[in-house]
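# okay, structure incoming, though there's no sequence with it:
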């Protein structure tokens with residue numbers, strides 16, 4: 001009898017309700033963080049700069065640990081050089097977060113502009129197909145966003161990264177919220193059908 005109850009806890013509507021509850025809770029956290037990042041984009045951008053700094057330091061430490069794996073002198077030297085460069089880059093981001101944020105913003109503008117160019121290339125190759133107008137519209141909007149960030153740099157550093165991270169967090173939260181509520185509805189529907 002206890003085994004049947006335990007297996008029921010691992011599948012079925014009870015499990016879906018529990019899992020969807022956690023999913024909805026994380027969705028709400030994402031939405032709140034996204035709203036905060038949009039309201040305070042400069043602070044969110046600085047947080048991203050600090051995060052990148054720490055990630056670079058951890059990557060550098062991993063490269064330094066890679067020097068002990070052997071593989072020849074050239075590989076050890078290469079891992080050592082990469083480890084030092086990553087750690088120095090991470091320290092730069094942590095000690096100069098505003099300059100790091102400016103660097104990230106310029107890099108982001110370049111990536112967005114490159115994406116716009118690719119969207120135009122895709123449109124030129126598919127313009128006779130249905131729905132290709134959306135590709136053109138996406139390319140134009142992407143070009144506009146990349147141009148706004150690029151031409152207003154370095155002042156765009158204050159809002160660009162934080163706002164985009166905020167929008168991303170909000171959209172992630174909204175999509176998770178929709179999935180969680182759909183799973184909950186499915187569990188209720190399944191529960192109502194079982195005798």
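Structure received. This one's a predicted model, so the numbers in the text were calculated from it and none came from an experiment. Numbers count the residues shown, from 1 in each chain.
# okay, now the unreliable bits of the chain?
Applying pLDDT under 70 to the chain flags residues 1-17, 190-195.
# do that again at 90, thanks
For the chain, applying pLDDT under 90 flags the ranges 1-31, 33-34, 36-38, 40-49, 52, 63, 65-79, 82, 97-195.
# the lengthiest helix in the chain packs against which elements?
Criterion DSSP state H: the longest helix present in the chain is helix 160-193. Contact analysis of helix 160-193 by 3 or more Cβ pairs under 8 Å, 6 or more residues apart in numbering; DSSP states H and E lists helix 13-39, helix 41-66, helix 97-126 as its packing neighbours. For every residue, glycine as well, the C-beta is placed using N, CA and C.
# dump those helices into CSV; add distance to residue 80 and mean neighbour count as well.
Listed next are those as CSV, based on distance: least, Cβ to Cβ, whole Å; neighbours: other Cβ atoms under 10 Å:
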stretch, distance to residue 80, mean neighbour count
helix 13-39, 37, 16
helix 41-66, 7, 17
helix 97-126, 24, 17
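# residue 176 is nearest to which of those helices?
Using Cβ to Cβ as the measure, helix 13-39 is the one of the helices and strands packed on helix 160-193 that comes nearest residue 176, at 3.7 Å.
# check which helix or strand residue 147 maps to.
According to DSSP states H and E, residue 147 maps onto helix 132-151.
# just checking, what packs against that helix?
Helix 132-151 sits against helix 97-126, with contacts defined as 3+ Cβ pairs under 8 Å, 6+ apart.
# mind listing what residue 70 touches?
By Cβ atoms under 8 Å, 6 or more residues apart in numbering, the contact set of residue 70 is residue 76.
# so how far is residue 123 from it?
As for residue 70, its distance to residue 123 is 50 Å (criterion: Cβ to Cβ, to the nearest Å).
# quick one, the longest helix of the chain and helix 132-151 angle?
With axes from the mean of the first three to the mean of the last three Cα atoms, to 10 degrees applied, the angle from helix 160-193 to helix 132-151 works out at 140 degrees.
# in helix 160-193, what's buried?
By neighbour count on 16 or more other Cβ atoms under 10 Å, the buried set for helix 160-193 is 160-166, 169-170, 172-173, 176-177, 180, 183-184, 187.
# how far does it sit from its chain's centre?
16 Å (Cα atoms, centre = their mean, to the nearest Å).
# related to what we said a few turns ago, other residues contacting the helix holding residue 147?
Contact with helix 132-151 is made by 105-106, 108-110, 112-113, 115-116, 119-120, 122-123, 126-127, 156, 160, as judged by Cβ under 8 Å, 6+ apart.
# make it 10 Å
By Cβ atoms under 10 Å, 6 or more residues apart in numbering, the surrounding residues in contact with helix 132-151 are 105-106, 108-127, 129, 156-157, 159-161, 164.
# just the angle between that helix and helix 97-126, please?
150 degrees.
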